[in-house]
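Peer 1: quick one, what's the 3D model for this:
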Amino acid sequence: MIIDSTHFVMADYMVDLTRQQAYAAVQLCLQNAREYLKDAKMHYDNKRFQHIRIPLQFSLEESGKARAMIDQLQNGQQTIQMNRDMRKGHQIKVDYIRQFVKPSKQKEQEYNDVWSACPFLSPSAEPIFDGEAEEMRKMMQEQIASDTTKKFIELDKDIINSLTVDAHEKRLGTLVNFDDNTFDPILAGSMNEGHCLVLIDAINNMLDDFDSTFSKINP
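Peer 2: Numbers count the residues shown, from 1 in each chain. Prediction:
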């Protein structure tokens with residue numbers, strides 16, 4: 001609510017919540033983030049990659065809002081403050097939780113299982129030598145699989161980073177826009193299918209972590 005051209009009612013910028021209010025708000029935010037992630041999975045399952053950024057973005061935003069309150073609740077604050085940027089700003093909420101958006105342990109195990117079974121050093125992953133030679137081959141196989149898994153996880157982290165930096169602007173790319181020079185109508189291309197799966201896994205992993213952290217907090 002505007003008082004004049006330069007001043008705003010304080011409540012429009014800062015909201016002071018009781019611990020009970022913040023606790024209830026976190027529950028709703030995490031629930032809503034899960035629902036948006038379910039929507040994203042439905043887009044993925046039906047190969048609708050043009051608009052999948054929208055539920056992914058909103059899931060990230062609700063997660064960021066929840067984490068801002070979780071951190072204050074965890075610190076024992078009696079009054080939980082949520083400024084306008086954290087309540088309504090798009091990218092700032094994503095930036096707040098980008099450090100938590102990372103590949104899950106399950107994804108890492110999947111990669112390791114694939115590369116452990118891959119015959120790097122022979123036509124078959126089955127034993128081909130006897131005794132010490134076979135033990136050496138197995139050790140080398142495991143090391144190569146481990147190193148390859150780490151490289152793929154790093155690639156996934158790069159994908160996640162590219163999708164969460166300026167995520168709000170990327171979401172706007174799902175809307176029809178106009179070329180700055182020719183004014184021709186343009187619409188961004190669909191999101192890469194593999195990238196969708198990486199981000200869905202990472203958001204789900206983050207929400208599991210937030211749920212675990214939140215479950216240890218009393219109102």
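Peer 1: start to end distance for stretch 78-88?
Peer 2: Using Cα to Cα, to the nearest Å, one end of stretch 78-88 lies 23 Å from the other.
Peer 1: I meant to write stretch 91-111 there.
Peer 2: Using Cα to Cα, one end of stretch 91-111 lies 31 Å from the other.
Peer 1: would you mark the buried spots in that stretch?
Peer 2: 91-98, 100-104, 107-108, 111 (16 or more other Cβ atoms under 10 Å). Yep, even glycine has a C-beta here, placed from its N, CA and C like the rest.
Peer 1: off-centre distance for the host helix or strand of residue 60?
Peer 2: Remark: residue 60 resides in helix 53-74, with elements defined by DSSP states H and E. The chain centre lies 10 Å from the centre of helix 53-74; the measure is Cα atoms, centre = their mean, to the nearest Å.
Peer 1: would you mind writing the CA trace of it as PDB?
Peer 2: C-alpha atoms of helix 53-74 as PDB (Å, rounded to 0.1, in the frame of the first residue of the first chain):
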ATOM      1  CA  ARG A  53      10.700 -24.600 -16.800                       C
ATOM      2  CA  ILE A  54       7.700 -23.000 -15.200                       C
ATOM      3  CA  PRO A  55       6.900 -25.700 -12.500                       C
ATOM      4  CA  LEU A  56      10.700 -26.200 -12.000                       C
ATOM      5  CA  GLN A  57      11.200 -22.500 -11.400                       C
ATOM      6  CA  PHE A  58       8.200 -22.300  -9.000                       C
ATOM      7  CA  SER A  59       9.400 -25.300  -7.100                       C
ATOM      8  CA  LEU A  60      12.800 -23.700  -6.600                       C
ATOM      9  CA  GLU A  61      11.200 -20.400  -5.500                       C
ATOM     10  CA  GLU A  62       8.900 -22.100  -2.900                       C
ATOM     11  CA  SER A  63      12.000 -24.000  -1.700                       C
ATOM     12  CA  GLY A  64      14.000 -20.800  -1.300                       C
ATOM     13  CA  LYS A  65      11.200 -19.200   0.700                       C
ATOM     14  CA  ALA A  66      11.000 -22.200   2.900                       C
ATOM     15  CA  ARG A  67      14.700 -22.300   3.500                       C
ATOM     16  CA  ALA A  68      14.900 -18.600   4.500                       C
ATOM     17  CA  MET A  69      12.400 -19.400   7.300                       C
ATOM     18  CA  ILE A  70      14.000 -22.700   8.200                       C
ATOM     19  CA  ASP A  71      17.300 -21.000   8.800                       C
ATOM     20  CA  GLN A  72      15.800 -18.500  11.100                       C
ATOM     21  CA  LEU A  73      13.800 -21.100  13.000                       C
ATOM     22  CA  GLN A  74      16.900 -23.200  13.300                       C
END
